[in-house]
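[1] Return atomic coordinates for the entry below.
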Amino acid sequence: MTRCRLCGSEAMASVVDLGATPPCESFLAADQLDRPEPAYPLHLRVCTECWLAQIPPLITPEETFSEYAYFSSFSTSWVEHARTFVADAVERVGLGTDGTDGTDGSEAFVVEVASNDGYLLKHVVDRGIRCLGIEPSVNVGAAARDAGVPTLTEFLSPDTGSAVRAEHGPADLVVANNVYAHIPDVVGFTQGLRALVADDGWVSIEVQHLLTLIEENQYDTIYHEHFQYYTVASAIRALASGGLALVDVELLPTHGGSIRLWARPAEVAGEPSRRVAEVLDREKAAGLQELSGYAEFSARVAKVRRDLLKFLIEAAERGETVVGYGAPGKGNTLLNHCGIRPDLLPYTVDRNPYKHGRFTPGARIPILPPEQIAADRPDHVLVLPWNLRAELVEQLSFVHEWGGRLVFPIPELSIVEVKA
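    Below is the predicted model of the structure:
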């Protein structure tokens, strides 16, 4: 990668090189285990002109998302997060409970981009508000339609946005949660958002915050699906590329630390809130607009790897059993970067039946149903979706029955004695 995908600068600096890994959602069926498996460099760089952190676009969204292994509804906390967001957004944007937008009496319309299995829009449907999901994955989009959520199977582009607007009218609210990092054409995607939203409408985007990624050693969220990693400063520039302006920002705990960006068409946006200035100040104080803010990250990543491997090796030498919980994309970055294989982690479990009987990419660790943990009573459970710590400590409280412990690898190795 020689040029920044946002501003075109060639001033690119290395942040961390994680070697080469397979795409994190390319789970393997048993009959694929003896076949070659492609791996791609995973090297995060930052543009020293616009400060957008990014990896090369070595895979296409079509390769990843045409059929997708991630179903949002399997996370209880994520579904609750979506319910709360819808309730707050309806009030903020002024979408009346009678189906109007609360201003001119016209029928309200909400669009979610990358709507997955309808985990969020089902709350909009329940309120009687007209909505549409735009979801590129055929299998999860079908699940959304089965749940009563109108869903279009497409990737968002300027043309897609214009076509939806022509058919359905402009959207009072466009939601794009956990997708703004997943698109290599950030300018075209942003133009698609602008095409969807009404001239006086709102766009809400949730995306992981580069500030917490760096501060909390969250390097496992670097994978080929995530093409870029945003600060508020770089997000402002990205939004402007499509004619949108940031008006407010919220700091969220999701995914280890995310930002919710509230944007509007630039013509009606007005001055940004005080919270925008406050977060920009925090980012500047952390050195994220100069190379010094990234200088120690690679060394701290290496320590996470050494600490986890030391724990696993010493547990094996003591004859203790360690199994995994979860098979998220981030977990596959961790497993492959650390070189963990079934000799150290014989299996992991996941609530998503789609993954059962498959194997993690690269590491080729079997994925089993969650009930296997209670059947085997392991000494330790390595929690790969560490960002759901509170939810999973509660879900896995039963391991206290045999004195089992939970292990969280990020931001540093943490061993938790589970209580009833």
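
[2] I'd like to know how far residue 283 sits from residue 141.
    Using Cβ to Cβ, to the nearest Å, we find residue 283 at a distance of 35 Å from residue 141. C-beta coordinates here come from the backbone N, C-alpha and C atoms, glycine included.

[3] ditto for residue 53
    When residue 53 is compared with residue 141 (using Cβ to Cβ), they lie 30 Å apart.

[4] what's the answer for residue 204, then?
    In terms of Cβ to Cβ, residue 204 sits 21 Å off from residue 141.

[5] residues of the longest helix anywhere in the chain that come out buried?
    In the chain, with assignment by DSSP state H, the single longest helix is helix 297-317. By neighbour count with 16 or more other Cβ atoms under 10 Å, helix 297-317 contains the buried residues 297, 300-301, 304-305, 308, 311-312, 315.

[6] How many residues are close by residue 378?
    22 (other Cβ atoms under 10 Å).

[7] wait, isn't residue 160 in contact with residue 153?
    No: in this structure, residue 160 is not within contact of residue 153 by Cβ atoms under 8 Å, at 10.8 Å.

[8] With neighbour numbers in mind, choose between these two.
    The residue with more neighbours, out of residue 160 and residue 153, is residue 160; 20 against 17, by other Cβ under 10 Å.

[9] Contact partners for that one?
    134, 154, 192, 195 (Cβ atoms under 8 Å, 6 or more residues apart in numbering).

[10] circling back: mind listing residues that contact the next helix or strand after the longest helix of the chain?
    Downstream of helix 297-317, the next assigned helix or strand under DSSP states H and E is strand 322-325. Contact with strand 322-325 is made by 312, 315-316, 331, 344-349, 365, 370, 372-373, 376, 378-385, 392, 396, 406-407, as judged by Cβ under 8 Å, 6+ apart.

[11] Residue 251 in helix, strand or coil?
    strand (DSSP: H, G, I helix; E, B strand; the rest coil).

[12] May I have the beta-bridge partners of it?
    Beta-bridge partners of residue 251, counted by DSSP bridges, are residue 259.

[13] ok, it to residue 153 distance?
    For residue 251, the distance to residue 153 - Cβ to Cβ - is 33 Å.

[14] Next: residue 273.
    Remark: distance between residue 273 and residue 153 (Cβ to Cβ) = 36 Å.

[15] tell me the SS of residue 116?
    Going by three-state DSSP: residue 116 is coil.

[16] Would you mind confirming that it is in contact with residue 142?
    No: counting by Cβ under 8 Å, residue 116 stays clear of residue 142, with 11.5 Å between them.

[17] The two: which is more packed in?
    residue 116 (27 against 14).

[18] In terms of helix, strand or coil, where does residue 406 fall?
    Classified using three-state DSSP, residue 406 is strand.

[19] ok, it touching residue 419?
    No: contact between residue 406 and residue 419 fails when scored by Cβ under 8 Å: they sit 11.0 Å apart.

[20] Which residue ranges of the stretch 51-200 of the chain form helices?
    61-65, 76-93, 121-126, 138-146, 158-168, 186-196 (DSSP state H, counting those that start in this stretch).

[21] Worst mean pLDDT among those helices?
    Across the helices of the stretch 51-200 of the chain, helix 61-65 has the smallest mean pLDDT, namely a mean of 61.

[22] pLDDT weak spots in the stretch 301-420 of the chain?
    The model of the stretch 301-420 of the chain has pLDDT under 70 over residues 420.

[23] what ranges do the strands span in the stretch 201-350 of the chain?
    228-229, 244-252, 258-265, 322-325, 348-349 (DSSP state E, counting those that start in this stretch).

[24] Identify the residues contacting the host helix or strand of residue 382?
    Per DSSP H and E, residue 382 falls inside strand 380-383. With Cβ under 8 Å, 6+ apart as the test, strand 380-383 has contacts from 312, 315, 320-326, 345, 348, 373, 389, 392, 396, 399, 404-409, 415.

[25] so where's the stretch 1-150 of the chain uncertain?
    1, 61-75, 96-106.

[26] how near is the closest residue to residue 238 other than its chain neighbours to residue 241?
    Distances taken as Cβ to Cβ, 6 or more residues apart in numbering put residue 186 closest to residue 238, at 5.4 Å, once the chain neighbours are dropped. As for residue 186, its distance to residue 241 is 7 Å (criterion: Cβ to Cβ).

[27] can you list residues touching both of the two?
    residue 6.

[28] quick one: the nearest residue to residue 374 once chain neighbours are set aside from residue 322, how far?
    Leaving aside its sequence neighbours, residue 374 sits nearest to residue 398 (Cβ to Cβ, 6+ apart; 6.4 Å). Applying Cβ to Cβ, the value for residue 398 to residue 322 is 17 Å.

[29] Comparing the two, which residue is more hemmed in?
    residue 322 (19 against 13).

[30] rewinding a little: mind checking which of residue 186 and residue 241 has more residues around it?
    residue 186 (24 against 17).

[31] which residues touch the more buried one?
    5-6, 52, 180, 227-228, 238, 241.

[32] swap the cut-off to 10 Å and go again
    Shown in contact with residue 186 (Cβ atoms under 10 Å, 6 or more residues apart in numbering): 5-6, 52, 54, 180, 227-228, 230, 234-235, 237-239, 241-242.

[33] now residue 304
    By Cβ under 10 Å, 6+ apart, the neighbours of residue 304 are 217-220, 334, 337-338, 409-413.

[34] Restricted to helices, list those residues.
    334, 337-338.
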